[in-house]
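Colleague: Sharing a model that was predicted from the sequence below.
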Amino acid sequence: MNLKFKCYYNFIYISYELVNTLKELASTKILNELLQRIDQEVWKAGEKLPSLAALAKELQVGVSTVREALRILENKGYLLIEHGRGMFVRSRNHWRQDNSLDLTSLPVGDLFSLLEFRCVLEPEMAALAAERGSPGQIRNIKDAAAQMIADLTSGEDYFASDIAFHDHIAEACSNVVMASVMKGISELLLESRRKTTRIKGSAERAAHFHMLIALAIEQRNVQLAKDMMRSHLLDVKQDSMKLKESLEG
């Protein structure tokens with residue numbers, strides 16, 4: 001690699017990293033703002049929050065940034081999100097303050113442990129979703145897949161729709177333990193996606209696989225849903241290996 005090309009490559013890489021960092025800072029800022037409103041009872045227990053679009057407009061950020069923050073607050077027990085009804089503040093006894101599953105500081109190499117876990121669990125969950133999912137749950141899965149494609153097309157943050165896709169599959173498999181486990185590791189999944197997005201084409205391939213999985217579930221094709229999820233996770237694993245090699249090189 002000649003010096004001129006290397007400098008150009010480094011400039012592009014640093015610019016890309018800066019954009020990702022700014023997006024993460026925006027997400028953290030919005031998360032803290034929403035959490036403060038709940039903690040200080042600006043929004044009281046049982047109160048319905050403004051719509052996603054209204055919050056995004058008020059906070060002057062993209063809808064996906066707000067959606068990601070709301071998803072984290074839901075997973076931590078601060079919010080109850082009911083499709084078709086809205087978002088509601090939960091009482092303090094539902095709030096989870098422990099950090100027993102806060103594994104977001106894992107280095108890239110250790111994320112292979114997460115992938116190993118996912119490869120065991122998620123193909124079976126996709127199969128169960130195809131077998132047991134209600135029409136509404138399956139529609140949520142397909143909507144999340146379509147939303148990720150839309151977010152990528154418009155240049156919006158797609159992390160929330162990515163995580164939502166896997167959460168909806170967990171809900172549709174009608175196994176409360178599986179659903180709880182997936183919600184418990186959602187922040188780790190988010191960190192994993194933020195790392196692998198450095199690999200060109202990673203997000204687009206993930207969105208493609210999501211839609212294939214969603215269609216297989218919609219068709220009640222148990223084996224195809226399982227196979228597509230396994231293929232998706234193997235693709236993620238390959239991207240993680242590329243990322244690890246680039247950091248070690």
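Modeller: Okay, I see it.

Colleague: In this structure, where is pLDDT below threshold?
Modeller: Low-confidence segments of the chain (pLDDT under 70): 1-27, 96-111, 246-249.

Colleague: Next, please give the residue ranges for the strands of it.
Modeller: Remark: strands assigned in the chain by DSSP state E are 79-82, 86-89.

Colleague: CA-only coordinates of the first one in CSV, if you can.
Modeller: Coordinates of each C-alpha in strand 79-82 appear next as CSV, following Å, rounded to 0.1, in the frame of the first residue of the first chain:
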residue,chain,number,x,y,z
LEU,A,79,-41.0,1.5,30.4
LEU,A,80,-43.8,-0.7,29.2
ILE,A,81,-44.2,-0.6,25.4
GLU,A,82,-47.4,-1.9,24.0
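
Colleague: Buried residues in it, which are they?
Modeller: Across strand 79-82, burial judged by 16 or more other Cβ atoms under 10 Å covers 79, 81. All C-beta atoms are positioned from the backbone trio N, CA, C, and that covers glycine.

Colleague: how far does that strand sit from the chain's center?
Modeller: Mean-position distance between strand 79-82 and its chain equals 17 Å (Cα atoms, centre = their mean, to the nearest Å).

Colleague: Also the last one?
Modeller: Here strand 86-89 shows a centroid-to-chain-centroid distance of 20 Å under the convention Cα atoms, centre = their mean.

Colleague: Can you give me the neighbour number for residue 180?
Modeller: If you count neighbours by other Cβ atoms under 10 Å, residue 180 ends up with 10.

Colleague: And it, how far from residue 167?
Modeller: For residue 180, the distance to residue 167 equals 11 Å [Cβ to Cβ, to the nearest Å].

Colleague: Residue 228 too?
Modeller: Distance, residue 228 to residue 167, by Cβ to Cβ: 18 Å.

Colleague: do residue 203 as well
Modeller: In this view, residue 203 and residue 167 are 18 Å apart by Cβ to Cβ.

Colleague: how many neighbours does residue 113 have?
Modeller: There are 12 residues near residue 113, going by other Cβ under 10 Å.

Colleague: Ok, residue 131 next?
Modeller: Neighbours of residue 131 using other Cβ under 10 Å come to 15.

Colleague: Am I right that it is in contact with residue 223?
Modeller: No - using Cβ atoms under 8 Å, residue 131 makes no contact with residue 223, being 10.5 Å away.

Colleague: Overlap in contacts, the two.
Modeller: Applying Cβ atoms under 8 Å, 6 or more residues apart in numbering, one finds that no residue jointly contacts residue 131 and residue 223.

Colleague: OK, contacts around the residue nearest to the spatial centre of the chain?
Modeller: The residue lying closest to the centre of the chain (Cα atoms, centre = their mean) is residue 163, at 2.2 Å. By Cβ under 8 Å, 6+ apart, the contact set of residue 163 is 68, 71, 186, 189-190, 193.

Colleague: could you redo those residues as CSV and give each row distance to residue 57 and neighbour count?
Modeller: CSV is the format used below for those (distance: Cβ to Cβ, whole Å; neighbours: other Cβ atoms under 10 Å):
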residue, distance to residue 57, neighbour count
68, 17, 25
71, 19, 23
186, 26, 21
189, 28, 19
190, 24, 21
193, 26, 17
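
Colleague: for those, which one is nearest residue 86?
Modeller: Nearest to residue 86 among those is residue 71, at 14.8 Å by Cβ to Cβ.

Colleague: Show me the two of the contacts of residue 163 that sit farthest apart.
Modeller: Farthest pair in those (Cβ to Cβ) is 71 and 193. Separation: 12.6 Å.

Colleague: any chance of the contacts of residue 163 in a markdown table, plus distance to residue 83?
Modeller: As requested, these are exported to a markdown table (distance: Cβ to Cβ, whole Å):
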| residue | distance to residue 83 |
| --- | --- |
| 68 | 17 |
| 71 | 13 |
| 186 | 17 |
| 189 | 21 |
| 190 | 21 |
| 193 | 23 |
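
Colleague: Having no further points to raise, I will conclude here.
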